[in-house]
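*Asks:* fold the stuff below for me.
(2 chains)
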Number of protein chains: 2
Amino acid sequence: MHDVTTAWQSLTERVQELRDLAGIEGILEWDQHVWMPAPGGAYRGRQKALTSRLRHEGIVDPQVGDWLGTLAEDPATVADPVRAAALRNIRRERDRAVKLPARLVEAQAEAASAGFAAWVDAREADDFSRFAGPLGRILELAREEAACLGPVAHPYDALVDRFDPGLDSASLSALFTPLAARLTELLDRIRQAPPLAAHPVAVPVDAQRRIHARVVAALGFDMERGRLDEAHHPFTMGIGPRDVRLTTRYNPEDLMAGLLGTVHETGHGMYEQGLPEEQVGTTVDEPASTGVHESQSRFWENVIGRSRPFLAWLAPIVREESGIDMDVEAVFRSANRVAPSFIRVEADEVTYNLHIALRFQLEHALLGGELRVEDLPGAWQERSQALLGIRPERAADGVLQDVHWGAGLIGYFPSYTLGNLYAALLTRRIEAELPELWEQVATGTFAPTLEWLRSHVHRQGHLLDGPQLIEELAPGQDPVDALMAHLEGRHGKLHGIS
Amino acid sequence: MHDVTTAWQSLTERVQELRDLAGIEGILEWDQHVWMPAPGGAYRGRQKALTSRLRHEGIVDPQVGDWLGTLAEDPATVADPVRAAALRNIRRERDRAVKLPARLVEAQAEAASAGFAAWVDAREADDFSRFAGPLGRILELAREEAACLGPVAHPYDALVDRFDPGLDSASLSALFTPLAARLTELLDRIRQAPPLAAHPVAVPVDAQRRIHARVVAALGFDMERGRLDEAHHPFTMGIGPRDVRLTTRYNPEDLMAGLLGTVHETGHGMYEQGLPEEQVGTTVDEPASTGVHESQSRFWENVIGRSRPFLAWLAPIVREESGIDMDVEAVFRSANRVAPSFIRVEADEVTYNLHIALRFQLEHALLGGELRVEDLPGAWQERSQALLGIRPERAADGVLQDVHWGAGLIGYFPSYTLGNLYAALLTRRIEAELPELWEQVATGTFAPTLEWLRSHVHRQGHLLDGPQLIEELAPGQDPVDALMAHLEGRHGKLHGIS
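*Replies:* So this is what the prediction gives:
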C-alpha cells in the first residue's frame, strides 16, 4: 500500500511539472505570435527546444515506468475512474515518447523548421518545387515515426492516433467517404439555386474591438481569467483554466469576417476555462482530444454564430457600439453563402469538409507511398475538381495554402471535420434537452447552453478519449447523419431547395 | 588538450542553456507584469519556481565544477581574457549556489512571497506592524545566507557583493558618507534660494505614445529588436540583444513624468541591446553589474534627459505630435526643481542619493543586529530628519514606500547611487572626448554618445566586474567629486547659488 501511495504521489507531481513546462511553452508560443520582436526568434527556437527536451526527459524517465507499473497492479487504482484514466493517458504518452528515438525527434523538429521556412518562401513565389524537397523529408521522417510506433495497417494510423486516440484510416474513411458523397450532392443542389448575396458590414476597428469584447463576454468566456489580443493567424492558448488567451483579427471592411473567428476562438477558450483544474497532475484536467476541442469552436462559430437568432441578438450591440444598422436577414444570408472556393479557411460550412476530405485523401496517399511528392500539385488539382468542381491554377491557391504539412503536422486535418461531426451530435442533444435554445440565443442567454457543455464535455476533461466521450453522449448515432441534417436544415431553407 | 577542449565546450553549452532558462524566466516575468490575467499568477509562481530550480541544478551540477577545475589548470585558458572572465564569473555564481542549501533558497523564496504580500497589505493599511514579522523573517534568512557565503567583516558585505562584485560595507561607506555630507550642504544652499516653479505639460496620451516612440528611437534604441509597452511599475527586460522590452507609464497631466521614465528605461535597454551577443555561453555577454546597468539609465535620464539642449530638441517633436507649444526654459527649470520629499522614486537628482544613503544605513544596521525591526519606523523618521530635513508621519510615506525589503532584496539600494556615481564619471570622459556633445544633443544627434558607450561599456559586457570596468574608464578619479561637480554645475547656475 505504501508503494502505491508513493507511486501515485510521485507520478502526479511529475505530471504537474510536465504541465507547468507545457504552460511555459504555451506562453513562449503565444508571445512569439503576439508580441515578440522578429529577431527574438533566434532565442525563442532554443528556448522551445529546451522545454521540449525537458518534457521528453520527464516522461521517458524510467521512474515514470516504475510508478506506472506499481499502480497498474493495484486493484483500487485501476477501479478508480480518474486514476485509471491517468494511467491510460500517461502510459500512452510515455510509450510514444519512449518509442521515438531522440535523434528522430530532433530530426523532425529540424525538418519542420526547414519545412516551414521553405513553405513560406514557396508560397510567396507560388512555386511548389521549392517546397518539394523539405516536404519529402518530412514525409520520410513521418513514415519512420509510424514504423517506430509499432505495427499498424497503414502508417497514417499511427499518426492520426496522436490527435484523436483510437481512430485510424479505416474509421476515418468510414466517416469521410459517405460525408463527401452527401456533401457533393447537397452542393450540387445548392449550386442550382440562385446564389445568396454577399453583404459585408464595414465597421471601424475601434468599434469592432468593443463589439468583439461584448460578444466574448456574453457567450460566457471569463475575461478575468483570460485575454483577447490580435494575431495574424488567430489561435487560442490555454495555460490553464485561469489563464486562457484568445487572439483574433479585425477586418474594417467586414465585421463578420473577424467576429466569427472570435466566436470560434471563444469556443476553444471556454473549453479550456471549463477543464477540471482540480485534476491537475492526473492528465484528466486536459482536453479529451483535438477533435473534441474543435467541436467546441465549431459549435459556437457555425451552429450558434451563423444562426439567425444570434445575428438578431448581435444587431443592437453593433448599433450601440458603432451607430451602424445591420440588416439581420442580409447578414444571415451573407454568412451562409455556399460556393466552392480555393481557400479552406475562407470556405463555407458545406464545402469546408470537402476541403478536409481532399487533404485527408492526399496525405494518406503520400504517407503510404501511393502518391509521390512531385505528383502532389497535379493530384491536388484533380481532387479539387472532383470534390469541389473547381481547379486552382496557382499553387498558392491550392497545394501551398496551408501551413500544416510544412510544419510537420501530418494527420491533423481530420480533426477539423471530426469537430464538425461531433458538434452536430452535440447540437442534437442540446436542442433536445434545451427546447428553448433558439429563443435564448435570440436574447443573448447563452448560459444554459454553456452549462450543458460544461457538465457534459468540459468538466469531463480527459476522463474518456474523445471518440469514447462522444459515443457516450450520442450512443449509436451516425455523426454524418447529424451533420447533414444540420446543413440540410439550414441551407435547404435558405437556398429554397428543401 | 583534448580534456580542455571538451571542458570548454561542455561548459559553454551549459552556460548557454542557463542563459536560455534565464530568457524564459524573463518572458514569464515580463508577461506577468504586462499582460497576464491576475488569476494566472497561480501557475506563474509554479512555473518560475521550476525554472529557478532548473537553473540551480544546472550550476551546482558537479560536472560544472570538474570543467572549471580542468580549465583553471590550463595556462592558455587563464591567459585568454574572455575565458578567464568566464571562469571568474561562472566560478563565483557556482560557489554562491553551492554554498546556499536548497532549504534556505526555498525558505527565502517563501519569505519573499509572504513579505511582498504583507508589504502590499501593510502599505495599504499604513500599518508597519503588519509587515514587521515577515521583514524579521527575511532579515533572519539574509543573515543565514551571509553566514553560508563565508566569513566577512559584516553580513552586509556578502549580500552587496551579489549586485556589484568586490564592493563591501567599508567601500560603500567611503563613498556614501562624504557624498551625503556634500549633498546635504548643497541642498541647504539650494533651499535658501527661491524654489523653481513646477510646469507640468498636459499632453493627450495618444500623442504621448508617439512622442515617446520617437524619443526612444532617436536615442538609439532599435525598435526592430525591442518593444515599448505599459506597466504599473516600469521596468526593462532583456531576453538578449535581439529582444529587449521597455515598459513605461503615461501621465496625461504631465508629459515629463512618464517621458523621463522612458528615457531611463531606454538607457537600460540600449545597454542590453549593445551587449556582446557573440560571447553567449561565456557569461561575458552579460551586464558587468547592477551598478553599471543603473549608470546607463541614469546617464540618459538625468545627464541627457534633464538637460536644456535635450528639452530644446524635444519641443518641436511635442509640437508636431500634439500641437502643444512647450516652454523649454520653464520645463527645464521644472524638471530640475530640488526639494526634500518623502518618496524616493519621485525625488530630484540632488536628494535622490540621500534617500539611498538613508536606506543603506538602515539595512546595514538591521542586518548587523544594531537596529531592531520594531525600532525601524522611528529610525526611518530620525534618519529622514537628519538627511532630508523632513519627517514622514505616515509609514506609507516612509518605511513602507519601497518594495525591495519585502521582496527579499537586502543590499540592492546602493546600486542606484553607484549608478549615479558611475554615470558622473562617464559623463566627464564623454564631455572630454566629444566636445560637441551638447550641440549634438540639441539637434537630436545621439549616435556619437551611444557609440562611445557601446565601445567603452556595452560591448565590454562582463569581461570586467563593474567596479573594475569603471576604474579602467576613470582611473584614480573620485566619483563623489564627479557627481558633485555635475550637480553643482547644473543646480548652482539654475538656482543662482554658484
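*Asks:* quick check: end-to-end length of stretch A:275-294?
*Replies:* One end of stretch A:275-294 sits 15 Å from the other (Cα to Cα, to the nearest Å).
*Asks:* tell me if it is near chain B.
*Replies:* No. In terms of Cβ under 8 Å from any Cβ of the partner chain, no part of stretch A:275-294 sits within range of chain B; the closest distance is 9.2 Å. C-beta here means a position set from N, CA and C on the backbone, and glycine is covered the same way.
*Asks:* now do the buried residues in that stretch.
*Replies:* For stretch A:275-294, the neighbour count (16 or more other Cβ atoms under 10 Å in any protein chain shown) marks A:275-276, A:279-294 as buried.
*Asks:* give the buried residues for stretch A:210-221.
*Replies:* Of all the residues in stretch A:210-221, those buried under the rule 16+ other Cβ under 10 Å are A:211-212, A:214-216, A:218-221.
*Asks:* closest to chain B out of these?
*Replies:* Nearest to chain B among the buried residues of stretch A:210-221, counting by Cβ to the nearest Cβ, is A:Phe221 at 11.5 Å.
*Asks:* which of the buried residues of stretch A:210-221 sit farthest apart?
*Replies:* Largest separation among the buried residues of stretch A:210-221 by Cβ to Cβ: A:Ile211 and A:Gly220, giving 16.7 Å.
*Asks:* how much space between A:Gln477 and A:Thr427?
*Replies:* 12 Å (Cβ to Cβ, to the nearest Å).
*Asks:* which one of the two has more residues nearby?
*Replies:* Neighbours per residue (other Cβ atoms under 10 Å in any protein chain shown) separate A:Gln477 from A:Thr427, with A:Thr427 holding more: 22 against 15.
*Asks:* okay, and that one sits in which element?
*Replies:* Following DSSP states H and E, one finds A:Thr427 within helix A:414-433.
*Asks:* which parts of the lowest-mean-pLDDT helix or strand in chain A are buried?
*Replies:* Here the helix or strand of chain A ranked lowest by mean pLDDT, DSSP states H and E is helix A:102-125, holding a mean of 90. Residues of helix A:102-125 classed as buried by neighbour count (16+ other Cβ under 10 Å): A:105, A:107-109, A:111-115, A:118-119, A:122-123.
*Asks:* now do the helices in the stretch 251-400 of chain A.
*Replies:* Assigned by DSSP state H, counting those that start in this stretch, the helices in the stretch 251-400 of chain A fall at A:255-274, A:290-298, A:308-322, A:328-335, A:349-368, A:376-388.
*Asks:* any bit of the longest helix seen in chain A sitting next to chain B?
*Replies:* Identified as the longest helix of chain A according to DSSP state H is helix A:2-34. Yes. Applying Cβ under 8 Å from any Cβ, one finds helix A:2-34 touching chain B at A:16-17, A:20-21, A:23-24, A:27-28, A:31.
*Asks:* among those residues, who's most crowded?
*Replies:* Compared across the residues of helix A:2-34 next to chain B, A:Ile24 has the highest neighbour count, 28 neighbours, by other Cβ under 10 Å.
*Asks:* how much space between the residue most central in space within chain A and chain B?
*Replies:* In chain A, the centroid-proximal residue (Cα atoms, centre = their mean) is A:Glu294; its distance is 3.9 Å. Computed as Cβ to the nearest Cβ, to the nearest Å, the A:Glu294 to chain B distance reads 24 Å.
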